[in-house]
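Student: Next one to model:
(one chain, ligands or ions: 3)
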Amino acid sequence: MADASANKAFPVSWDQFHRDARALAWRLADAGPFEAMVCITRGGLVPAAIICRELGLRLIETVCVASYHDYKNQSELKVMKEIAPSIRAIGDGKGKGVLVVDDLTDTGKTARVVREMLPNAHFATVYAKPAGVPVVDTFVTEVSQDTWIYFPWDMGLAYVEPIAKDHKG
Ligand SMILES: O=P(O)(O)OC[C@H]1O[C@H](OP(=O)(O)OP(=O)(O)O)[C@H](O)[C@@H]1O
Ligand code: HPA
Ligand SMILES: [Mg+2]
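Tutor: Ligands and ions are numbered 1, 2, ... in the order given. Sure thing, here's the model as predicted:
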């Protein structure tokens, strides 16, 4: 579950995130053609900027979804902004030719809600946990369900105790 029981840490630096988002773009290069991208805010904004640059996409839409409040706490999912009718009308009107991007899928709840809006879109996330894997088409790195991914935009430089301080070797 995506909650306080996620007790392993997977910290990601800006460099690592850029590399992983670019690796996702490589995997998506043959999955199109894509006419437009839908970015799931806010986490999807960062990989979206990298991927649309790599794939030459300039028609970018947002769907604004919030499901976590504070840290590791999942609450009721709220769709704060829907996908514009002009983007929903692309292709077969069900998402064909549309690339949906998010930073990660955890329980899969967010991706599932957006998939209901665009069932034939191609769903891509940089990271995925097992419960979310069936809901996305392409991702780069899978981590275990009990791992919390720490994104660079949520972190800052901080003092770390020397290993020897608590190490009883
Ligand atoms: O698969 P799920 O269990 O639904 O979790 C994944 C979603 O949770 C996070 O978004 P969040 O709702 O925290 O909002 P944010 O992107 O604005 O940080 C993350 O960016 C994904 O969108
Ligand atoms: O592992 C995670 N890290 C950051 N945000 C998240 N939102 C759901 N799961 C996660
Ligand atoms: Mg999000």
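
Student: Give me the residue at the spatial middle of the protein.
Tutor: residue 103 (2.0 Å; Cα atoms, centre = their mean).

Student: my read: that one touches residue 127, true?
Tutor: Yes: with contact defined as Cβ atoms under 8 Å, residue 103 counts as touching residue 127 (6.9 Å). From N, CA and C alone the C-beta is placed, and that goes for glycine too.

Student: Tell me the residues on this protein that lie near ligand 1, please.
Tutor: Taking Cβ under 6 Å from any ligand atom as the contact definition, the chain meets ligand 1 at 2, 40-43, 66-68, 102-110, 132.

Student: Reduced to three states, what does the residue lying closest to the residue nearest to the centre of the chain once chain neighbours are set aside come out as?
Tutor: Residue nearest to residue 103 in three dimensions, not counting chain neighbours: residue 43, with 3.6 Å by Cβ to Cβ, 6 or more residues apart in numbering. Here residue 43 is coil, with the state taken from DSSP: H, G, I helix; E, B strand; the rest coil.

Student: Residue 43: neighbour count?
Tutor: Neighbours of residue 43 under the rule other Cβ atoms under 10 Å: 22.

Student: what does residue 142 give?
Tutor: Using other Cβ under 10 Å, residue 142 has 14 neighbouring residues.

Student: quick one, what contacts it?
Tutor: The contact partners of residue 142, by Cβ atoms under 8 Å, 6 or more residues apart in numbering, come to 127, 128, 129, 130, 133.

Student: gap between the last one and ligand 2?
Tutor: Using Cβ to the nearest ligand atom, to the nearest Å, we find residue 133 at a distance of 14 Å from ligand 2.

Student: cool, the third one as well?
Tutor: Applying Cβ to the nearest ligand atom, the value for residue 129 to ligand 2 is 7 Å.

Student: Make sure that residue is actually in contact with residue 135.
Tutor: No: under the criterion of Cβ under 8 Å, residue 129 is not in contact with residue 135, lying 10.8 Å apart.

Student: quick one: common contacting residues for these two?
Tutor: Jointly contacting residue 129 and residue 135 under the rule Cβ under 8 Å, 6+ apart are residue 105.
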